[in-house]
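>>> The following comprises the amino acid sequence and a computationally predicted model.
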Amino acid sequence: MRILLFANNRKSLSKPLGGPKGLAVEPYPMRDLPVIIPSLEDGTLVYLDLTGLGRPRRQKILSMIPANPHIFFGVLDPAGAVEDVAGLFHDGAVDYVGKKMKGSRLSAKRIFRVLLYADAGATEGVFEEAPPIPPGATSEHFPSGDAWAKIVSGREYEFAILFAEVDGSEELKKKHEPENLAGAMESFRSYVERIASRHGGRTWMWSQFGGLVLFPMRQGASSAPLCGLRLMLWRIFYDVEESPLPGHLSFHLALSTGRTVYRERDTGEIISDGLNSVFHLGKRYTRPGQFFISVDAMGLVPQKLRSLCVPVGTYEGKRIFRMIPPRPVLIPGEGNGQRKA
Amino acid sequence: MKVQTRLATLFISALSQSMPVELMEKVARKVIPDYDIYERSGFPRSIPIPRVDAARQILRDCVRENTFLRLIESLLDVHQHGDMGREVRIPLLSRIILEIEGQGLIYSKQKGMFVEETKGGRVRTMGWGTLREGRSYELALLRVDTVGNSELVRRYPKALIDSTYGAVRDIVTRIVEKRDGRIWNWEGDGGLAAFYFIDKTIQATLCGMEMLHELFLFNLLGSEMPEPLSVRLAVHAGPCKFVASSKEAAGDTIRRIELLESRYTKPDSLTVSPGVYTDLGSKLSSLFVPVHGPGNNSVYRYSLEWQRK
């Protein structure tokens, strides 16, 4: 992720932060703030140095904080000019360095704490090494919590695991040129990724036609079922607005829970019963265009969504369910529901 | 829009350095039909008009007739695509764009026009910063109405009704603005949204469909009402006069969409007029079912149903 510093004084711009290894801060003059802000990606961390700014200018700059909720703002105020510091946080700021901290520098440790506070899930790329193990964690298995920022690469966690795969892959290979098909499958992955990220999920172990999405869990809660429902409900918008294929794309989903070691890369050697189980549920049992849920994952389904789920048999000796969202009413004989890919 | 001295100077320099008077006149005619530089400037037709004078005259006329932005858009078009196969390089255009963008507008290459800047918390205006009061435009309209409003208001406390309708309005606003539309009018239980840019009928239709999907989730997870909220949605396109006071918006297109929504739309469904349906393309139109409409015409319906096992 990017960290930007906007300041009016040259001193701040020339030596923006303490300079720990692996932490890059991009300095910009304050006058460029309105131009640069709209182009920043979600979750970018922006520090505003208020040194030397008069009250009207200061207020104008601080008004950018509530106006850009997709960005994390920190405020550097060595003169202690901000009257309502709490108000900054109410407006969405994530850090404040005031008068009493004058002379101290923003350390990498502080930035990391800021990102945890912001629940950014975006510490990757900031540090070369993983953050320290959370205090109190003594075993090899950690509850994964509700945020990616707390997950350390190489350790084992319990996740909600969503399997997503396009239907009729052999048929698609016959019908489309490899390049066109590759582009279409990439767009499907983007669709899954976009919706999953809104629900706290990340795509993982992805092949051409599908893969897994991991969701951290806290006390048996995760928004993975809602993500699956949204993927099913919004697929017609994906078809019309994003998919480069001429027909409607069909896909199936399977949701379960399980333990696995988490690593961003080099996932080939990971051995996990949880992963095997959801792969088999998705590949062998789930029918085209449908969304199956294991009995273990049913505990994650909010009460109000359970009315959409019906039992559809057993898998590995355990009951499995199907979540059935509503679908568009079509002309009889036009192939309601399961359309060919 | 305000044309300050610096912008005026840039414009006159750009125009006079890049094209002969004949081409200037041709560009001006794209925004003021039948524009005649000799008639406007008073120069005798036998005397060639100096380029700088012609550029200044065009600027003056376009500012007076409030078509300066359209003129710059035409210049950008000539700069990008040339004139009759001939390349025309117009200097200073990037600086002209910067000056205009300083006034809260942004040039959209995709739309080929200046529209209001909406990032950074700027307010969205009903006319996208580009429609002019009193003029008629081809627009696509989406009408939303809550089913059984009077009953609901009688049956439930005001606070519950206010919070539920407020949430519905938030959903509609988010969906509409995501697709570059604008809410023109909202009165508690429903309202009217407008779409202007390319694919406007498709965008309005997708908005209506997405509204049904969002409402399904809202009724299931977000609503505090003991019963599900139902809406009727309709999309129609046609010429419509732009008036900043949306309550005064009237005309044939608005009357037709009101009729389409109130008489030909079932609860929890979206109806589109035949003209809109033909714009949808095969993927989207395959999701609509023809139903009986005004006279012997069909209108087209989108709705959701529960799947059987």
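Nice, I can see it. Numbers count the residues shown, from 1 in each chain, chains lettered A, B, ... in the order given.

>>> how many neighbours does residue 270 have?
All of this is about chain A. Counted with other CB atoms under 10 Å in any protein chain shown, the neighbours of residue A:270 add up to 14. For glycine as for every other residue, the C-beta is placed from the backbone atoms N, C-alpha and C.

>>> Chain B, not that one
29.

>>> now swap in the one 10 residues further on and tell me
Other residues within reach of residue B:280 by the criterion other CB under 10 Å amount to 21.

>>> Look at it and report its pLDDT.
For residue B:280, the pLDDT comes out at 94.

>>> Residue B:170 too?
90.

>>> residue ranges for the helices of the chain, please.
Just so you know, I chose chain A. Applying DSSP state H to chain A gives helices spanning A:10-14, A:33-36, A:55-62, A:64-67, A:85-90, A:108-118, A:169-175, A:178-198, A:224-233, A:235-241, A:273-280, A:295-298.

>>> Switch to chain B, please.
With DSSP H as the criterion, chain B has helices at B:5-18, B:21-31, B:37-41, B:51-64, B:68-81, B:93-101, B:149-155, B:158-178, B:200-217, B:252-264, B:274-279, B:281-285.

>>> Which of these has the lowest mean pLDDT?
Taking the mean pLDDT of these, helix B:93-101 comes last: a mean of 87.

>>> relative to helix B:5-18, how tilted is that one?
On the basis of axes from the mean of the first three to the mean of the last three CA atoms, to 10 degrees, helix B:93-101 is oriented at 150 degrees to helix B:5-18.

>>> Now for the most centrally placed residue in chain B: which residues touch it?
Chain B has residue B:196 as the residue nearest its centroid, 2.3 Å off, counting by CA atoms, centre = their mean. Applying CB atoms under 8 Å, 6 or more residues apart in numbering or on different chains to residue B:196 gives the contacts B:128, B:130, B:131, B:137, B:139, B:140, B:180.

>>> which one of the residues you listed is nearest chain A?
The nearest member of the contacts of residue B:196 to chain A, counting by CB to the nearest CB, is residue B:180 at 13.2 Å.

>>> pLDDT value on the closest one, please?
Reported pLDDT at residue B:180 in the predicted model: 88.

>>> Give the burial count for it, as a bare number.
With other CB under 10 Å as criterion, residue B:180 counts 20.

>>> burial count for the nearest residue to it once chain neighbours are set aside?
Counting by CB to CB, 6 or more residues apart in numbering or on different chains, residue B:180 lies nearest to residue B:197, which is 5.6 Å off, once chain neighbours are set aside. Residues contacting residue B:197 under the criterion other CB under 10 Å number 18.

>>> residues contacting residue B:197?
Counting by CB under 8 Å, 6+ apart, residue B:197 has contacts B:111, B:128, B:180, B:203.

>>> got the contact list for the last one?
For residue B:203, the residues meeting the contact criterion (CB under 8 Å, 6+ apart) are B:140, B:179, B:180, B:181, B:195, B:197.

>>> roughly how far apart are the second one and residue A:236?
From residue B:179 across to residue A:236, the span is 15 Å (CB to CB, to the nearest Å).

>>> hmm, back to that, who wins on neighbours among the contacts of residue B:196?
Going by other CB under 10 Å, residue B:140 tops the contacts of residue B:196 with 30 neighbours.

>>> contacting residues around that one?
B:194, B:195, B:196, B:200, B:201, B:203, B:204, B:235, B:236, B:237, B:276.

>>> Just name the closest of these to residue A:166, please.
The shortest approach to residue A:166 among the contacts of residue B:140 belongs to residue B:203, at 26.9 Å (CB to CB).

>>> could you measure the closest one against residue B:115, distance?
With CB to CB as the criterion, residue B:203 and residue B:115 are 14 Å apart.

>>> With adjacent residues omitted, what lies nearest to residue B:303?
residue B:269 (3.8 Å).

>>> Write down the beta-bridge partners of the one you found, one by one.
Under DSSP bridges, the beta-bridge partners of residue B:269 are residue B:232, residue B:303.

>>> which ones are touching it?
Taking CB under 8 Å, 6+ apart as the criterion, residue B:269 is in contact with B:212, B:232, B:233, B:301, B:302, B:303.

>>> Which two among the residues you listed are spaced furthest apart?
B:232 and B:302 (12.0 Å).

>>> Find residues that contact each of those two.
With CB under 8 Å, 6+ apart as the test, residue B:232 and residue B:302 both reach B:269, B:271.

>>> Could you show which parts of chain B are in contact with chain A?
B:117, B:119-121, B:206, B:209-210, B:213, B:216-217, B:220-221, B:281, B:283-284, B:286-287, B:289-290, B:301-307, B:309 (CB under 8 Å from any CB of the partner chain).

>>> that older thread, looking at the helices of chain B, which is buried most?
Of all the helices of chain B, helix B:200-217 carries the top mean neighbour count, a mean of 23, counting by mean count of other CB atoms under 10 Å in any protein chain shown.

>>> CA atoms of it as CSV?
The C-alpha trace of helix B:200-217 is given here as CSV (Å, rounded to 0.1, in the frame of the first residue of the first chain):
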residue,chain,number,x,y,z
LYS,B,200,-28.5,6.0,-20.7
THR,B,201,-31.4,3.6,-21.3
ILE,B,202,-29.2,0.6,-20.3
GLN,B,203,-27.9,2.4,-17.2
ALA,B,204,-31.4,3.4,-16.1
THR,B,205,-32.7,-0.2,-16.7
LEU,B,206,-29.8,-1.8,-14.8
CYS,B,207,-30.5,0.7,-12.0
GLY,B,208,-34.1,-0.5,-11.8
MET,B,209,-33.1,-4.1,-11.8
GLU,B,210,-30.4,-3.6,-9.2
MET,B,211,-32.9,-1.8,-7.1
LEU,B,212,-35.1,-5.0,-7.0
HIS,B,213,-32.1,-7.0,-6.0
GLU,B,214,-31.0,-4.6,-3.3
LEU,B,215,-34.6,-4.4,-2.0
PHE,B,216,-34.7,-8.2,-1.7
LEU,B,217,-31.6,-8.1,0.6
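
>>> burial of whatever residue of the stretch 201-341 of chain A ends up closest to chain B, as a residue count?
Nearest to chain B in the stretch 201-341 of chain A, going by CB to the nearest CB, is residue A:326, at a distance of 4.0 Å. Residue A:326 has 17 neighbouring residues, counting by other CB under 10 Å.

>>> excluding its backbone neighbours, what's nearest it?
residue B:304 (4.0 Å).

>>> Next, the contact list for that neighbour, please.
The neighbours of residue B:304, taking CB under 8 Å, 6+ apart as the test, are A:326, A:327, A:328, A:329, B:212, B:213, B:216, B:268.
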